[in-house]
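Colleague: Next input, structure requested:
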Amino acid sequence: MHNRAQRLIAIFLICLWPTIALSGAEEIGRFRWEAEIEGFGGYSGLWVAPDGGAFMTISDRGTYVKGRFQRDRQGRISGVEVTEAETIPDKVGNDPESFLRDAEGLAIRSDGDIFISYESHHRVWAFDTMQTKPRDIHKWNRFWHLQQNSGMEALAIDAEDVIYTIPERSGRWTRPFPIYRLANGTWDERLKLPRREKFLVSGADFGPDGRLYVLEREFLWYGGFKTRVRSFVITGDTVSDEREELRTRLGDLDNMEGISVRSGPDGQIIMTLVSDDNFNVFQSTWFVEYRITP
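Modeller: The predicted structure follows:
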């Protein structure tokens, strides 16, 4: 029995090793968010201001929320003040039809323009403000070849205001994820994101260090979600220097779908994640923050 117990402990530790050894991120805190907002839930894209105060998030039912984080003395999120909560307008300024509402990725350019990516009806729209009609930034059928309900899940803008979007799926377990890049008015797909295991892309953001941080999750029916964040360097048409920044144990987090990356004190990187509760009573909306120390 003694030897058998030792073997079981060894197997248990080996199973935990990827989480312990491959995750350089330290959790700062987590906050369960509840609000009396019409259509609350389903938040899939996230932007957080560089000082960690203001934020914006979008829902896969076509709504958005702007607000401010309240923080305690340790800098942890302790509350949320909602300042604006509305439906994302369609191209004629009305509430969109249901098939046009599946907003997934969110990024804000240096000039303040807001970009939102959608799946199902695959597209990226640009907004001067959330009170203005969106404008197209590609032909209507540019992304129609993507899988149904597995389209433009992640959206990010780099320091040069180049736009990148990544679909949730690549089509095969062994096929890299395509990265669509908009530069000088042209979309290309020369960049490929290496695929590891059965994680699916759910969000992305460029950090203050210039690296592309990609949020991924895997769902297992018997235990919930596993979450992973990898970061990469993009140089020209090359994706390199892959790092695994975060990997959580099964069931440790909810369905994390939005990520925003900013600078912290002493040169640290702060990642803020938000969960999509799928409008399911057994899930919740969480803000979770991690610190990466170089």
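
Colleague: For Gly105, list each beta-bridge partner.
Modeller: Ser117 (DSSP bridges).

Colleague: which ones are touching Asp237?
Modeller: 190-191 (C-beta atoms under 8 Å, 6 or more residues apart in numbering). In this view, the C-beta of every residue, glycine as well, is placed from N, C-alpha and C.

Colleague: how about a cut-off of 6 Å?
Modeller: Arg190 (C-beta atoms under 6 Å, 6 or more residues apart in numbering).

Colleague: Now it: phi and psi?
Modeller: When read as degrees, to the nearest 10, the backbone of Asp237 gives phi -110, psi 30.

Colleague: what's the answer for Leu100, then?
Modeller: Torsion angles, degrees, to the nearest 10, at Leu100: phi -100, psi 0.

Colleague: now Arg68
Modeller: When read as degrees, to the nearest 10, the backbone of Arg68 gives phi -130, psi 140.

Colleague: And for it, the neighbour number?
Modeller: 15 (other C-beta atoms under 10 Å).

Colleague: Counting neighbours, what do you get for the residue nearest to it when sequence neighbours are not counted?
Modeller: Closest residue in space to Arg68, ignoring its immediate chain neighbours: Glu81 at 4.7 Å, by C-beta to C-beta, 6 or more residues apart in numbering. Glu81 has 12 neighbours, counted by other C-beta under 10 Å.

Colleague: before we move on, what about the one 10 residues further on?
Modeller: Applying the criterion other C-beta under 10 Å, we find 12 residues in the vicinity of Lys91.

Colleague: and if you look at Thr165?
Modeller: Counted with other C-beta under 10 Å, Thr165 comes out at 29.

Colleague: And the pLDDT for it?
Modeller: Note on Thr165: pLDDT of 96.

Colleague: That one touches Tyr180, doesn't it?
Modeller: Yes. Applying C-beta atoms under 6 Å as the test, Thr165 and Tyr180 come out as touching, 5.0 Å apart.

Colleague: Go through stretch 246-261 and flag the buried ones.
Modeller: For stretch 246-261, the neighbour count (16 or more other C-beta atoms under 10 Å) marks 246-250, 253-261 as buried.

Colleague: Can you verify my assumption that the residue nearest to Arg68 contacts Lys66?
Modeller: No. The criterion here is C-beta under 6 Å, and Glu81 misses it with Lys66 at 10.0 Å.

Colleague: Neighbouring strands of the helix or strand hosting Leu215 in the sheet, and parallel or not?
Modeller: Using DSSP states H and E, Leu215 maps to strand 212-220. Applying DSSP bridges, strand 212-220 is found paired with strand 200-206 (antiparallel), strand 224-235 (antiparallel).

Colleague: And the next helix or strand past the last one?
Modeller: The element immediately downstream of strand 224-235 (helix or strand, assigned by DSSP H and E) is strand 238-247.

Colleague: For that following strand, name the packing helices and strands.
Modeller: Judged by 3 or more C-beta pairs under 6 Å, 6 or more residues apart in numbering; DSSP states H and E, strand 238-247 is in contact with helix 2-22, strand 224-235.

Colleague: Now the longest one: average pLDDT?
Modeller: What it means is helix 2-22. 40.

Colleague: Each with direction, which strands does the helix or strand just after that helix pair with?
Modeller: Counting by DSSP H and E, the next helix or strand C-terminal to helix 2-22 is strand 25-33. Applying DSSP bridges, strand 25-33 is found paired with strand 285-292 (antiparallel).

Colleague: which residues touch the strand it pairs with?
Modeller: 24-33, 77, 245, 254, 268-275, 277.

Colleague: Of those residues, just the buried ones, PyMOL syntax please.
Modeller: Buried residues among the contacts of strand 285-292 (16+ other C-beta under 10 Å), as a PyMOL selection:
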select buried, resi 24+25+28+30+31+33+77+245+254+269+270+271+272+273+274+275+277
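
Colleague: Dump the strand holding Leu215 to PDB, restricted to CA.
Modeller: What follows is strand 212-220, C-alpha atoms only, in PDB (Å, rounded to 0.1, in the frame of the first residue of the first chain):
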ATOM      1  CA  LEU A 212       0.600  39.400 -28.700                       C
ATOM      2  CA  TYR A 213      -1.200  37.700 -25.800                       C
ATOM      3  CA  VAL A 214      -3.700  35.000 -26.900                       C
ATOM      4  CA  LEU A 215      -6.400  33.800 -24.500                       C
ATOM      5  CA  GLU A 216      -7.600  30.200 -25.100                       C
ATOM      6  CA  ARG A 217      -9.900  27.800 -23.300                       C
ATOM      7  CA  GLU A 218     -10.800  24.100 -23.500                       C
ATOM      8  CA  PHE A 219     -14.100  22.700 -22.200                       C
ATOM      9  CA  LEU A 220     -14.400  19.200 -20.800                       C
END
